[in-house]
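1. Sequence first, predicted coordinates after that:
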Amino acid sequence: MEYGRLAENVTVSGQITPADVATLKDMGVDVIVCNRPDGESSDQPEFSIIKAAADQQGIKTAFIPFSGSGLSYQHVDAFREVLNEGGTIHMYCRTGNRCTVLWNTTQSLSAEESASKKADAGSATQHFDVVIAGAGSAGISVASGLLKRDRTLRVALIDPSENHYYQPGWTMVGGGVFHAETTRKSTSSLVPRGCTWLKASVSGFAPDSNEVIISTGARVSYDHLVVALGLKLNWAGVEGLEETLGKNGVTSNYRYDLAPYTWQLTQSLQKGTALFTQPPMPIKCAGAPQKAMYLSASHWEQHQRIDDIDIKFLTSTPSIFGVADYVPQLESYLARYNVDFKPTYTLTRVDGEKQIATFKTSDEHGNATTVDYHFDMLHVCPPQCAPDVIKDSSLADDAGWLSVNPETLQHTAHNNIWGLGDVTNTPNAKTMAAVRKQVPVVCDNLIAATRDERLTGAYDGYGSCPLTVERGKILLAEFGYGGKLKPTFPSWINNGLKPTRFAWWLKSRALPWVYWQLMLKGHEILTKCKK
């Protein structure tokens, strides 16, 4: 087995097997520490199996599991107890990275900081002019935009993720147009020069003292805070879903590792039933569930299989799309692909082994009922909600979303807190296009606030949904608050009410380049809104 050394008495590795335990015994290991939750992958030995092998060898074990973004002070405290017992320690997780983070974090925190955190009475260890919670599309773009405007600003990004994803590309991965690898880059390569990256998760907010509490137990103080934490994909909100994702014909373009499986299923399905689902709103990119359906159907049509596949689109919403102007074109594609469209159907349970999906709906008398459908392919859009750290904070509205002014994007209760992206309660479509328009609004208004000037940035609710109705053509839906159409291009360049090849070119070629080379680097083109 391969391993590294963190200290004279501490080694680290990726996932170990029961056979490796004997090797660890020969190395003189006294304690094995597991930082990997059970069930992360199908070929992963459960901790109980490793523990049984360790017991036979007379090696102690400690189970301190956490996800990549879930390190908390409780984990540090538990690991400190293992260290205090002494002896030779071997740590493992999937790759060893989580173990290393836990080791480094534990070493950086003193016993006094531990007591301070437990009492919630700690003082801030770092201060910045602007702290940005979240290094996704919104967070990195705001950091770049602020530093473009004022290089003297001390800006910090807080996010534990080593990888950054171009999520709009996952629809194209699921349709066999993109390779998944093209939608991923390292976070470190995207953090703008002059910005400090704090590699931790946000565990709490203290707005009255202008502080953010992070997962290491430290407090970070700010003059202004930008919240860009996105939303939570609630896979557990559908019974049985998590256990069967990635197998039994169950997939989702809402995950990097699953989008290729969508394309695999689309290619391999010769006949049978394909279900595509959409949960209650709000969700990120409300068109994504039907985009997956259209691209699969287009492939089946091209390969003369469309008549042998029963396609159903089951959505919690009452209509195929929330902006009426685009509905006629979408309905024409439902007819073209012979899709059985079922509004007000909400997925509640998946039995992967039996390939049965259960939905709740209402009968003809309005009474609640459930319906089961057998499937050969099931594409799921999971229920979505605000992140727990926002939902459980004083910054949230009654529904759990970050409460901001829909135009200025300033928090409704704290003038030095701003929000953008999927985490806010603004009534716009939660799309990448919305973030592109929101970034300059937040940047302009935050800078104005630091100078006691009038807030001039005003977001108009713009969002865009490139609906991939067939391979090679896209219906480019662009709209703002209240469903008002807001086309970027004149109709002689692109007719937004009809599917066009130009819109496909935008989605497949232009927009990825715009994202990586312009948006994340603070180059704001066709984005600014002014009062």
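-> Ah, there it is. Numbers count the residues shown, from 1 in each chain.

2. Below-threshold pLDDT in the stretch 151-300 of the chain: ranges please.
-> Within the stretch 151-300 of the chain, not a single segment meets pLDDT under 70.

3. just the strands in it please.
-> Applying DSSP state E, counting those that start in this stretch to the stretch 151-300 of the chain gives strands spanning 155-158, 163-165, 184-186, 195-198, 202-206, 211-214, 219-227, 232-233, 250-251, 272-278.

4. and these as JSON lines, adding distance to residue 387 and mean neighbour count?
-> The way it works is simple: take the backbone N, C-alpha and C, and place the C-beta from them, glycine included. Output for these, formatted as JSON lines (distance: least, CB to CB, whole Å; neighbours: other CB atoms under 10 Å):
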{"stretch": "strand 155-158", "distance to residue 387": "13", "mean neighbour count": "24"}
{"stretch": "strand 163-165", "distance to residue 387": "17", "mean neighbour count": "17"}
{"stretch": "strand 184-186", "distance to residue 387": "21", "mean neighbour count": "13"}
{"stretch": "strand 195-198", "distance to residue 387": "17", "mean neighbour count": "19"}
{"stretch": "strand 202-206", "distance to residue 387": "9", "mean neighbour count": "19"}
{"stretch": "strand 211-214", "distance to residue 387": "14", "mean neighbour count": "24"}
{"stretch": "strand 219-227", "distance to residue 387": "10", "mean neighbour count": "23"}
{"stretch": "strand 232-233", "distance to residue 387": "5", "mean neighbour count": "18"}
{"stretch": "strand 250-251", "distance to residue 387": "24", "mean neighbour count": "25"}
{"stretch": "strand 272-278", "distance to residue 387": "21", "mean neighbour count": "23"}
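
5. and residue 416, which of those strands is closest to it?
-> strand 219-227 (4.8 Å; CB to CB).

6. Partner strands of the closest one and their direction?
-> Partners of strand 219-227 in the sheet, by DSSP bridges, are strand 126-133 (parallel), strand 211-214 (antiparallel), strand 417-419 (parallel).

7. Tell me what angle it forms with strand 202-206.
-> Angle, strand 219-227 to strand 202-206, by axes from the mean of the first three to the mean of the last three CA atoms, to 10 degrees: 90 degrees.

8. how far does strand 219-227 sit from the chain's center?
-> 22 Å (CA atoms, centre = their mean, to the nearest Å).

9. Could you export that strand as PDB, CA atoms only?
-> Output in PDB follows, covering the C-alpha atoms of strand 219-227 (Å, rounded to 0.1, in the frame of the first residue of the first chain):
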ATOM      1  CA  ARG A 219     -13.800  33.800  13.000                       C
ATOM      2  CA  VAL A 220     -13.200  36.100  10.000                       C
ATOM      3  CA  SER A 221     -14.300  39.700  10.300                       C
ATOM      4  CA  TYR A 222     -15.300  42.000   7.400                       C
ATOM      5  CA  ASP A 223     -16.400  45.500   6.500                       C
ATOM      6  CA  HIS A 224     -18.700  44.100   3.800                       C
ATOM      7  CA  LEU A 225     -19.900  40.500   3.300                       C
ATOM      8  CA  VAL A 226     -21.000  39.000   0.000                       C
ATOM      9  CA  VAL A 227     -23.100  35.800   0.300                       C
END
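
10. Let the chain start at 23 from now.
-> Done: numbering now begins at 23, and the last item shifts to strand 241-249.

11. What about the closest residue to residue 483 other than its chain neighbours, how many residues nearby?
-> Leaving out its chain neighbours, the residue that sits closest to residue 483 by CB to CB, 6 or more residues apart in numbering is residue 503, at 3.1 Å. Residue 503 has 16 neighbours, counted by other CB atoms under 10 Å.

12. quick one: contacts for residue 503?
-> 428, 449, 450, 482, 483 (CB atoms under 8 Å, 6 or more residues apart in numbering).

13. What is the nearest of those to residue 185?
-> residue 450 (26.9 Å).

14. My guess is that closest one contacts residue 505. True?
-> No - look at residue 450 against residue 505 with CB atoms under 8 Å: they stay out of range, at 10.4 Å.

15. Following element in sequence after the lengthiest helix in the chain, please.
-> Longest helix in the chain, counting residues (DSSP state H): helix 454-472. Following helix 454-472 in sequence order, the next helix or strand is strand 485-492 (DSSP states H and E).

16. what's in contact with the helix or strand following that next one?
-> Later in the chain than strand 485-492, the nearest helix or strand by DSSP H and E is strand 495-501. Strand 495-501 is contacted by residues 309, 343, 345, 347-348, 351-352, 451, 455, 483-491, 507-510, 516, 518-523, 525-526, 528-529 when judged by CB under 8 Å, 6+ apart.

17. Strand 495-501 vs helix 454-472, what angle?
-> Using the same axes, to 10 degrees: strand 495-501 against helix 454-472 is 30 degrees.

18. and the contacts of strand 495-501, which are buried?
-> 309, 343, 345, 348, 351-352, 451, 455, 483-491, 508-509, 516, 518-519, 521-522, 525-526, 528-529 (16 or more other CB atoms under 10 Å).

19. average model confidence for stretch 481-493?
-> Here stretch 481-493 scores 97 as its mean pLDDT.

20. Next: stretch 50-58.
-> For stretch 50-58, the per-residue pLDDT averages 96.

21. swap in stretch 330-344?
-> For stretch 330-344, the per-residue pLDDT averages 98.

22. Now the phi/psi pair for residue 35, please.
-> Here is the backbone geometry of residue 35 (degrees, to the nearest 10): phi -150, psi 180.

23. Would you confirm that it contacts residue 43?
-> No - with contact defined as CB under 8 Å, residue 35 does not count as touching residue 43 (11.8 Å).

24. so what's the closest residue in space to residue 413 that isn't next to it in sequence up against?
-> Leaving aside its chain neighbours, residue 413 sits nearest to residue 422 (3.6 Å; criterion: CB to CB, 6+ apart). Going by CB under 8 Å, 6+ apart, residue 422 touches 407, 408, 412, 413.

25. swap in residue 156?
-> 179, 180, 181, 224, 249, 250, 251, 252, 443, 445.

26. Tell me the one among the residues you listed nearest to residue 364.
-> Of the contacts of residue 156, the one sitting nearest to residue 364 (CB to CB) turns out to be residue 252, at 29.2 Å.

27. Thought residue 443 was touching that closest one, still the case?
-> Yes - between residue 252 and residue 443 there is a contact at 6.0 Å, judged by CB under 8 Å.

28. what touches both of these two?
-> What both residue 252 and residue 443 touch, as defined by CB under 8 Å, 6+ apart, is the set 156, 158, 160.
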